[in-house]
Structure formats: structure tokens, C-alpha cells
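**Q** mind folding the following:
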Amino acid sequence: MTQPEKRRPAGLLRRLAAMAYDWLLLVSLLFAVTLVVIVLHGGSAVEPGTWWYGALLIVVAFFFYGWCWTHGGQTLGLRAWKLQVVTAQGAPLSWPDAALRFAASVTLLLPPALGLVWSLIDSKGRCWHDTLSRTRIDHLPE
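**A** Residues are numbered from 1 along each chain as shown. Next up is the predicted model:
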């Protein structure tokens, strides 16, 4: 792990770029899971509003992010943009930390992305879900 004194908060543009990378990867993963579900469902589409299918997609998304955050603190997008998610104290995330961060990330859905824009105002560059989950994203030194 890089020394904390050489780290600085991640900027909003880097965060957005990393999110774009991760969402492309996550959407691909969710398409693959959906393909398996359709095959197991006899080739039939899942009815809209099916609770278990929505829950399955949320669980898959949680395990995608949770595994990356608890194993090095970097998704593919975070790695590409030299970012790392850690606790507020700079420690690696545990599974409970990852679950709290994932749940707190629902603030990203609040219009018009106020939770993200808040990082421009916060003195430590944190978004709302960072503050709620007691985590942060650091920009790693080059």
C-alpha cells in the first residue's frame, strides 16, 4: 500500500471516468447473468417486475464491487485511473465496510447527482456515499 501522506483525494472527473469504466464492465456482467437466467428459464424472458430477478442483479452488483473493494480497493476503473477506495482511516475495506458503501451509494441516484457534486464543496473531496460509509477514494501517486 502506498504511504497515506503521498495520497490526495480523488477529483470528480477521475471518479466519473472510473465509474464509466466500471459501469461498462458491470453492465456486461449483468448481461451475462441475464443470459444464464434466460437459458435456465427455457429461453423465455423474465416477466417485468419479477422480484427475484431484480434482487439477483443487485446481489451480483454488490459482489462485483464488494470483491474488488475488499481485494485491493480497486475496481478496473479505479485501477485505470489510479484511484483506490479505503476506510476513512486509510485501511483496506472489510466486507461490512463494502456493504455499507454499496448501500450508501444509493445517494448517487439523487437528482441531479448532488451526492457526487458535493465532492467539489467538501474540504476532503468526499461524496455523500463516502461520508455515509466512512470511506474515501484516494488518488494514488503516479
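**Q** rest of the way, CA atoms for contacts and neighbours
**A** Will do.
**Q** now the strands for this structure?
**A** With DSSP state E, the ranges of strands along the chain come out as 8-9, 83-87, 135-139.
**Q** tabulate those strands (CSV), appending distance to Thr107 and mean pLDDT.
**A** As requested, those are exported to CSV (distance: least, CA to CA, whole Å; pLDDT from 0 to 100):
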stretch, distance to Thr107, mean pLDDT
strand 8-9, 19, 88
strand 83-87, 17, 96
strand 135-139, 14, 93
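**Q** check which helices and strands the worst-scoring helix or strand of the chain on mean pLDDT sits against.
**A** Sorted by mean pLDDT, DSSP states H and E, the helices and strands of the chain end with helix 114-117, the least confident at a mean of 83. Counting contacts by 3 or more CA pairs under 8 Å, 6 or more residues apart in numbering; DSSP states H and E, helix 114-117 packs against helix 128-133.
**Q** swap in 7 Å and give it another go.
**A** When contacts are defined as 3 or more CA pairs under 7 Å, 6 or more residues apart in numbering; DSSP states H and E, helix 114-117 packs onto no helix or strand at all.
**Q** the helices in this structure, which residues?
**A** Using DSSP state H, the helices of the chain run over 12-40, 51-70, 76-80, 95-104, 114-117, 128-133.
**Q** rank the ones you listed by mean pLDDT and give me the bottom one.
**A** Here these differ in mean pLDDT, and the lowest is helix 114-117 at a mean of 83.
**Q** and that helix, how far from the chain's centre?
**A** In terms of CA atoms, centre = their mean, to the nearest Å, the centre of helix 114-117 is set 15 Å apart from its chain centre.
**Q** spit out the contact partners of Pro141.
**A** Taking CA atoms under 7 Å, 6 or more residues apart in numbering as the definition of contact, the neighbours of Pro141 are 6-7.
**Q** quick one, what contacts Val86?
**A** Neighbours of Val86 in contact, by CA under 7 Å, 6+ apart: 73, 92-93, 135-137.
**Q** how far away is the nearest residue to it once chain neighbours are set aside from Asp138?
**A** Of all residues beyond its chain neighbours, the one nearest Val86 is Pro92 (5.1 Å), with distances taken as CA to CA, 6 or more residues apart in numbering. Shown here: Pro92 relative to Asp138, a distance of 12 Å by CA to CA, to the nearest Å.
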